[in-house]
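Peer 1: following is a predicted model, sequence given first.
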Amino acid sequence: MNEQEKFRKTVKEVHRILMIVLVFVGVITSLMVYIVVDPGLSLFKSKEKSDYAVVEEVVDEDLIVDGIHVRTGLIEAEGLMEVVNNCTNCHSAKLVTQNRMNKERWEATIDWMQATQNLWDLGRNEEIIINYLVTNYPPVKVGRRATLTGIEWYELKK
Ligand code: HEC
């Protein structure tokens, strides 16, 4: 082997090592960039799961549409969140929205749940909750029906 051949071989060797190092650095850099861009590694998760995550992000827990708290169906008014936080844990909010009562009966319902259903002491929220209930879910007034007009009466046959 003459000097020139030796030199060529060394250059080739150095070139090879450089290429390996470069590929290595390239792979590590790409990985790091990927982890920074997508820390949740969502690209590797199943499609349904990532779709679910997207839906979860979009739906606002306390979204209000046309004055109704969408998640529970309760009317948006003062005291809404106190009711959501204290009255939808054990049963559906429907049990609240389907009932219409005066102050005494709402109070009695809450007392009954506290005495028999382990409903906790509502503290200062009790007044807020009862005000909300009486204001938004008062008894429905049953009025007289309108007088019938324009009826053609007929004789009942025996
Ligand atoms: C610790 C659990 C719990 C919590 C919290 C709770 N309830 Fe109840 N509530 C119950 C149970 C149990 C029933 C009976 C359910 C049934 O009959 O299916 C009930 C029934 C009711 C009823 C129906 C009563 C009737 O006469 O039929 C109403 C109205 C009601 N709850 C309103 C509320 C309101 C308003 C709040 C918030 C202050 C609330 N609940 C919080 C447990 C709870």
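Peer 2: It's in.

Peer 1: next up, phi/psi of residue 155, please.
Peer 2: Note on residue 155: backbone dihedrals following degrees, to the nearest 10 are phi -70, psi 130.

Peer 1: over to residue 143?
Peer 2: phi -90, psi 170.

Peer 1: the ligand contacts on this protein?
Peer 2: Listed as neighbours of the ligand in the chain under the rule CB under 6 Å from any ligand atom: 86-87, 89-91, 95-96, 99, 109-110, 113, 117-119, 129, 133. The way it works is simple: take the backbone N, C-alpha and C, and place the C-beta from them, glycine included.

Peer 1: make it 8 Å
Peer 2: Within the chain, the residues that sit near the ligand (CB under 8 Å from any ligand atom) are 83, 86-91, 95-96, 98-99, 101, 106, 109-110, 112-113, 116-120, 122, 126, 129, 133.

Peer 1: just the buried members of those?
Peer 2: Neighbour-count burial (16 or more other CB atoms under 10 Å) applied to the residues of the chain next to the ligand gives 83, 86-88, 96, 106, 109-110, 119, 122, 126, 129, 133.

Peer 1: could these be laid out in JSON lines, adding distance to residue 37, secondary structure and pLDDT?
Peer 2: Listed next are these as JSON lines, based on distance: CB to CB, whole Å; DSSP: H, G, I helix; E, B strand; the rest coil; pLDDT from 0 to 100:
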{"residue": "83", "distance to residue 37": "42", "secondary structure": "helix", "pLDDT": "97"}
{"residue": "86", "distance to residue 37": "42", "secondary structure": "helix", "pLDDT": "97"}
{"residue": "87", "distance to residue 37": "43", "secondary structure": "helix", "pLDDT": "97"}
{"residue": "88", "distance to residue 37": "39", "secondary structure": "coil", "pLDDT": "95"}
{"residue": "96", "distance to residue 37": "46", "secondary structure": "helix", "pLDDT": "95"}
{"residue": "106", "distance to residue 37": "53", "secondary structure": "helix", "pLDDT": "96"}
{"residue": "109", "distance to residue 37": "53", "secondary structure": "helix", "pLDDT": "96"}
{"residue": "110", "distance to residue 37": "52", "secondary structure": "helix", "pLDDT": "97"}
{"residue": "119", "distance to residue 37": "48", "secondary structure": "coil", "pLDDT": "96"}
{"residue": "122", "distance to residue 37": "47", "secondary structure": "coil", "pLDDT": "96"}
{"residue": "126", "distance to residue 37": "50", "secondary structure": "helix", "pLDDT": "97"}
{"residue": "129", "distance to residue 37": "47", "secondary structure": "helix", "pLDDT": "97"}
{"residue": "133", "distance to residue 37": "49", "secondary structure": "helix", "pLDDT": "97"}
